[in-house]
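Asker: Sequence first, then the predicted structure, then my questions.
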Amino acid sequence: MIKGGRHPVVEQIRLYDKFIPNDCYLDTENEQVLIITGPNMAGKSTYLRQVALICIIAQMGCFVPAKSATIGVIDQIFTRIGASDDLARKLSTFMIEMTETAKILNFVTKKSLVIIDELGRGTSTSDGQSIALATLEKLHELKAKTLFSTHYHQLTEINLPRIKNYHLDIIENDDGSINFIRKLQPGSTDKSYGIHIAKLAGIPDDVIIRAFEILDQIEEKDPFKATVEENGNGRLTNKYYDKFIQEKKKALERLNLDLDVKQREMNKCEAELIKKERELGKKNFEVEKKKEILTNLKDQSEITNKPEISIKKEKKIVQTTFFKPIILKERADNENIEELIRKIEDIDINSMTPIDAMKKLIELKEKTQNIS
Amino acid sequence: MPFEDIKFKELTPMMQHWYSVKKKYPDTILAYRMGDFYEFFYDDAVRVSNLLGITLTKRKIGSDSYPLAGIPHHAGSYLNNLINLGETVVIVEQLEDPTTVKGRIVKRGVVRILSPGTVIEPDMLKSNENNYICSIVKERKGFGIAFADLSTGEFVTTEFFKSGQDPLEKILSIFSQYNPVEVIVPAELKKDEHFFLLLTDLNDALIKSYEDFVFNFDEARDLIKRHFNISNLNSFDLENCEMAVQASGGLLAFLKETQRDVIPNLFKINLLREEKVLHLDYITQRNLELVSSLWEKGKDTTLYSIFNQTHTPMGARLLKKIILQPLTDINEINQRINIVQKFKDDVFLRSELREELKVIGDLERFVNRINYSRNSNARDLINIKNSLEKIPKIKKILEKSKIPEISKFIDKIDDFREARSIIEVSIKDDAPPTVKEGHLIKVGFNEKIDELRDILQNGKNYVLDYEKQQRDRWKVNSGFKVGHNNILGYYIQITLKTLRYITKIPEEYIERQTLKNAKRYTTKELKELEEKIVQAEEQINDLEYEIFCTIREKIVRETLKILETAKKVAILMFLLVLQKLQKNTTTVAQKSITKVKS
């Protein structure tokens, strides 16, 4: 018996919402087999695994994640949980399901714990149901403690002394959306909310609408006949279509409302932005102004402090630039150029005063005019 | 060139030897030691070069040539990679010093066979996992299976009869529990394709066939008796377990071959008793995500990952084992729970204990490493000492707690006073990883070593004196020195500039080498000095190695005791973790167990 049991791993991983603890009671006299029904995603699989893990942890000699627990010693744990094709071994989904089930039925003892998470899925509904039912009866007879989850709510009508029904429920909101409670309760449920889940998963709207319609027909009349007759027509009756339109309309309204609010917020922000930009412009202008003053001051100080250097610099610039016209102009007088070069080479800059240098520069300048 | 096409007669003597070894180990890669390299020839070379991406060259032999590839002998990572790729590598070493051999080829022999299941080198092992090698035999009446982990000295076996639950099912369950890296089966069984498909589905262990006859009952029984030195199988409760004996014997034979007969750390075979553990078939192991995740290879969604806060490799390995093999004995379970409860109640006890346990290293693997002497060094001894030092402290803490269950538990734990002190006084704490190059032994432990070290030190001083003396002789200060390198040994080096001051080079100066701006000379005196120093150095190194070996030998003799202690330490770690887990959960957990009414 486990009170307030929790799944040790899922509990650690799920950080955002709280893990809902669940009890589990199994014995040999009254509650030997539990059939767990409930919609998809309600937490059946988690519950089944949780019970098995708690048993294992207990037998490791460890405290278990539960409020309290009294657990009988188990000799074996069998599980039959989901499966996929095994193409390498040429086994189909259904074949794997069946071999695993066969193993359980052949080797289970009174002291074993059996976990079956849906049985008979990989074949036709009637075949699957029949196999599931027969398996349940056998497990009941073998007295192995069993947790059996299923979507075949017909199985819950089974009437054997040590089989009990439990279910995990979902609350359906007014607007058609669903909330998970994840609390185990006695009794069974025949709702599966499969189409809701399909919608959550992103199946196209028209497929969902059509699915609701077919579901209606199945639930109203005798199963398959009606649908089969109509199949392929793809005609959408008004009932679900209207409901859907309404839903969409509501959603649209909500979105519009949202849009309004957002728009207003945006306008506000924009005004703010313009204000800030203006302020920024002002400040930039001031900065520019100050920069200008600063450079002016700098220039002045340079001119007053180091006049020689500035003159020399000028001269150097002249020296380099006047080669260009010579090279570019092909009709240049070679002799003149050579003379000019010689003159330049003769200049001893180091021994010159700035004034001498200036004079020399003027002289050279005159010479260049001869060339062009 | 395929092996069959090699013409033995046309080979050189060395290659003939290679050929004869290769013939004995056909499905392996032969790493053939030549000087500083392990060389691979013919198809081995092609394969290795493909696997490791190393250069493939060719060697001429007459008009023909054959492929050749090599790796430096100290580059262990190449060998690691080969093993990790599922290859088996046979190591052929030079068995004598090549410098002493003249006129014939150096004697070589197989020293080790490396395969995924037989490595013990720490960098080839995952510290949180056991490294099991497995053997399976199939008989008309059922299956026998054995597992061994050389790195921890564990050896377990069991068997399943057809009359009971489907034996194949059980074999697969236990196989996935132990998750071996290598599987040995009789050649006969290797032909069973269906069986192999099932095995390969569970993990990607390397599956190897081995000679049928070692799995033969009589052969296997005799080998077990010989190895464990027992007169009959009663000692291990194996007298009625024919198939388990077959599997164990076969596995033992294989290990003996790969380790060249040296498997000193397997002390006993444990027979697994099915009824003592909660049986979880491999589908359940997988479905409940006990140790490996169903969807991703990521580990953080498994029961193991939630529990694993042991912080130590030994604890982690034990934890994995315990998750897959929960108990079924009500008394044992309750005993564990009681201890956990005590830890939970006593904050000081557990925090003190945790501090000590945290720093205990992987004692199991340290001690098993020194059992395979070729690979162990002084650091292993230091590691063992450091870990053992914690044992008395742990004992004291536990004694203080006065918990009856625990007192009983620590009763048999040894203090290892002798073992600790012998390492303490002898081995340097900062010993290098090499064992043949000295610097292992502490000052004051051995007189002879101290004396030799003195000579060595003085010899070096003498060289300095000699240098000074010669400088004075020529009245030079710079451009004159006595140096040392591996080729010339000790030499006098005089720069050309200084040479100008020395009018005549004396006869005793023998010119050895001319450099760009200096000349190097030796003298008889210097050579004599050098010889003395080198000799002292060699003597020290030899002596240190010798002493190291005797100390290692002494510790090796404690292996069994240390292993038993290590096991207890691991259990303590495990129990401490259980307590911690409980603390981490939001509500207080309480549980008791009652026996099932049947």
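Answerer: Structure received. Residues are numbered from 1 along each chain as shown, chains lettered A, B, ... in the order given.
Asker: Going by C-alpha atoms from here, please, whenever you check contacts or count neighbours.
Answerer: OK.
Asker: Can you tell me the SS state at residue B:476?
Answerer: coil (DSSP: H, G, I helix; E, B strand; the rest coil).
Asker: So for the top helix by length along chain B, mean pLDDT?
Answerer: Longest helix of chain B, by residue count under DSSP state H: helix B:524-556. Averaging pLDDT along helix B:524-556 yields 85.
Asker: which is the next helix or strand following it?
Answerer: Downstream of helix B:524-556, the first helix or strand assigned by DSSP states H and E is helix B:559-584.
Asker: List the buried residues for that following helix?
Answerer: B:559-560, B:562-563, B:565-582 (16 or more other CA atoms under 10 Å in any protein chain shown).
Asker: got it, and stretch B:216-227?
Answerer: Neighbour count says stretch B:216-227 has B:216-217, B:219-224, B:227 buried, by 16+ other CA under 10 Å.
Asker: now, among those residues, which is nearest to chain A?
Answerer: residue B:217 (30.0 Å; CA to the nearest CA).
Asker: Need the three-state assignment for the residue nearest to that closest one when sequence neighbours are not counted.
Answerer: In this structure, residue B:217 finds its nearest non-sequential neighbour in residue B:246, 5.2 Å apart by CA to CA, 6 or more residues apart in numbering or on different chains. Put simply, residue B:246 is helix when judged by three-state DSSP.
Asker: May I ask you to confirm that residue B:246 is in contact with residue B:220?
Answerer: Yes. Residue B:246 lies in contact with residue B:220 (CA atoms under 8 Å); the separation is 5.4 Å.
Asker: Show me the common contact partners of these two, please.
Answerer: Taking CA atoms under 8 Å, 6 or more residues apart in numbering or on different chains as the criterion, residue B:246 and residue B:220 both touch residue B:214.
Asker: picking up where we left off before, ok, of the buried residues of stretch B:216-227, which one's closest to residue A:344?
Answerer: residue B:227 (103.5 Å; CA to CA).
Asker: quick one: average pLDDT of the helix or strand where that closest one lies?
Answerer: Residue B:227 is part of helix B:217-228, with elements assigned from DSSP H and E. Averaging pLDDT along helix B:217-228 yields 89.
Asker: The helix or strand that residue A:181 is a member of packs against which elements?
Answerer: Taking DSSP H and E as the definition, residue A:181 sits inside strand A:178-186. Applying 3 or more CA pairs under 8 Å, 6 or more residues apart in numbering or on different chains; DSSP states H and E, one finds that strand A:178-186 contacts strand A:22-24, strand A:163-172.
Asker: okay, these in CSV with mean neighbour count next?
Answerer: Listed next are the helices and strands packed on strand A:178-186 as CSV, based on neighbours: other CA atoms under 10 Å in any protein chain shown:
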stretch, mean neighbour count
strand A:22-24, 19
strand A:163-172, 20
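Asker: what's the closest of these to chain B?
Answerer: Judging the helices and strands packed on strand A:178-186 by CA to the nearest CA, what sits closest to chain B is strand A:22-24, at 13.3 Å.
Asker: relative to strand A:178-186, how tilted is the following helix or strand past that closest one?
Answerer: Using DSSP H and E, the helix or strand that follows strand A:22-24 in sequence is strand A:33-37. Our comparison of strand A:33-37 with strand A:178-186, counting by axes from the mean of the first three to the mean of the last three CA atoms, to 10 degrees, yields an angle of 160 degrees.
Asker: Off-centre distance for strand A:33-37?
Answerer: Centre-to-centre, strand A:33-37 and its host chain are 34 Å apart (CA atoms, centre = their mean, to the nearest Å).
Asker: What angle do helix B:559-584 and the helix or strand following it make with each other?
Answerer: As assigned by DSSP H and E, the chain's next helix or strand after strand A:33-37 is helix A:44-59. On the basis of the same axes, to 10 degrees, helix A:44-59 is oriented at 130 degrees to helix B:559-584.
Asker: Just confirm residue B:517 contacts residue B:495, I think it does.
Answerer: Yes. Contact criterion CA under 8 Å: residue B:517 and residue B:495 qualify, at 5.7 Å.
Asker: Apart from its chain neighbours, what residue comes closest to the residue nearest the centre of chain B?
Answerer: The residue lying closest to the centre of chain B (CA atoms, centre = their mean) is residue B:120, at 2.6 Å. In space, and not counting its chain neighbours, residue B:120 is closest to residue B:151: 5.2 Å by CA to CA, 6+ apart.
Asker: quick one: secondary structure of the one you found?
Answerer: Assignment for residue B:151 (three-state DSSP): coil.
Asker: if I look at it, how far off is chain A?
Answerer: The gap separating residue B:151 from chain A is 25 Å, by CA to the nearest CA, to the nearest Å.
Asker: Compute the number of surrounding residues for that residue.
Answerer: Residue B:151 has 25 neighbouring residues, counting by other CA atoms under 10 Å in any protein chain shown.
Asker: Now do the contacts for it.
Answerer: The neighbours of residue B:151, taking CA under 8 Å, 6+ apart as the test, are B:119-120, B:130-131, B:364-365, B:368-369.
Asker: For those residues, give me TSV that also has secondary structure and pLDDT.
Answerer: Shown next, in TSV, are these (DSSP: H, G, I helix; E, B strand; the rest coil; pLDDT from 0 to 100):
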residue	secondary structure	pLDDT
B:119	coil	81
B:120	coil	77
B:130	coil	87
B:131	coil	88
B:364	helix	85
B:365	helix	84
B:368	helix	83
B:369	helix	82
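Asker: what's the longest helix in chain A?
Answerer: Ranked by number of residues, the top helix in chain A under DSSP H is helix A:238-305.
Asker: Which other helices and strands does it contact?
Answerer: Looks like helix A:238-305 contacts helix A:205-220 (3+ CA pairs under 8 Å, 6+ apart).
Asker: per-residue confidence for the closest residue to chain B within the stretch 251-372 of chain A?
Answerer: Closest residue of the stretch 251-372 of chain A to chain B, CA to the nearest CA: residue A:251 (36.3 Å). For residue A:251, the pLDDT comes out at 82.
Asker: try the one 10 residues further on
Answerer: Per-residue confidence at residue A:261 stands at 90 (pLDDT).
Asker: Give the burial count for it, as a bare number.
Answerer: Other residues lying near residue A:261 total 11 when counted by other CA under 10 Å.
Asker: Before we go further, residue A:188 is sitting in a strand, right?
Answerer: No. Going by three-state DSSP, the assignment for residue A:188 is coil, not a strand.
Asker: per the record, what domains does chain B have?
Answerer: What automatic domain parsing lists as the domains of chain B is B:3-114, B:127-280, B:288-416+B:558-584, B:447-539.
Asker: right, and these - which one's nearest residue A:109?
Answerer: Using CA to CA, the nearest of these to residue A:109 is domain B:127-280, at 11.1 Å.
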